[in-house]
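1. need a structure here:
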Amino acid sequence: PQGPLALQHITIELSTQPDSTRARVFLVLNVKVQHFVSSVVQLMTRAWRLGPLPVGLQHRVRNNLSVCQLSARQLQEAVDGLEALVRRAPVLFLKQGVAQNLSSLYEFLPDSKGRRMTLRELADAFQLDDMDPRAIEQPAG
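-> So this is what the prediction gives:
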């Protein structure tokens, strides 16, 4: 198992086998990874706020920051940051990767279908023909 399911299995293993080396190592690594992700989010957030970045880099940096925020369980911040960027200048910042990440992030929100539809309408309104329509579709899974 991976992710939260793995953590659940390890927690069960520790409760039934308190001397389990494997479970203890997993927990220590999990804490270290979460600390690392949190540190990366803090550093990237500071870098983003220092701005201004060159226009051609802004969507890439914000997109990467949003992925890190998701890993750090900061879903709303990830969505809000990408949406704010797109609202600033859709033609400049609504790129294929941004659309794909927003669409994927929307999966975790209750109004994902409506948000995806708004994203599609935005791409159509600004005639962003270089964007693959599948970038905004519901992710498979």
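2. what helix or strand is the spatially most central residue of the chain on?
-> The residue lying closest to the centre of the chain (C-alpha atoms, centre = their mean) is Val67, at 3.1 Å. Using DSSP states H and E, Val67 sits in helix 55-71.
3. Going along the chain, name the helices of the chain.
-> Listed in chain order, the helices of the chain (DSSP state H) span 3-16, 21-50, 55-71, 75-88, 90-93, 96-106, 112-125.
4. Can you tell me which of those helices is packed in deepest?
-> helix 96-106 (a mean of 20; mean count of other C-beta atoms under 10 Å). Glycine gets a C-beta too; all of them are placed from N, C-alpha and C.
5. Check which helices and strands that helix is in contact with.
-> Taking 3 or more C-beta pairs under 8 Å, 6 or more residues apart in numbering; DSSP states H and E as contact, the helices and strands that helix 96-106 lies on are helix 55-71, helix 75-88, helix 112-125.
6. JSON lines for the ones you listed, including distance to Val98?
-> Shown next, in JSON lines, are the helices and strands packed on helix 96-106 (distance: least, C-beta to C-beta, whole Å):
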{"stretch": "helix 55-71", "distance to Val98": "5"}
{"stretch": "helix 75-88", "distance to Val98": "6"}
{"stretch": "helix 112-125", "distance to Val98": "9"}
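7. Save those as a markdown table, and put in mean pLDDT too.
-> As requested, those are exported to a markdown table (pLDDT from 0 to 100):
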| stretch | mean pLDDT |
| --- | --- |
| helix 55-71 | 90 |
| helix 75-88 | 95 |
| helix 112-125 | 90 |
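8. Out of those helices, flag the one nearest Val33.
-> Closest of the helices and strands packed on helix 96-106 to Val33 is helix 55-71, at 8.9 Å (criterion: C-beta to C-beta).
9. what does the closest one rub up against?
-> 37, 40-41, 44-45, 47-48, 53, 75, 77-79, 81-82, 85, 92-93, 95, 97-98, 101, 105 (C-beta atoms under 8 Å, 6 or more residues apart in numbering).
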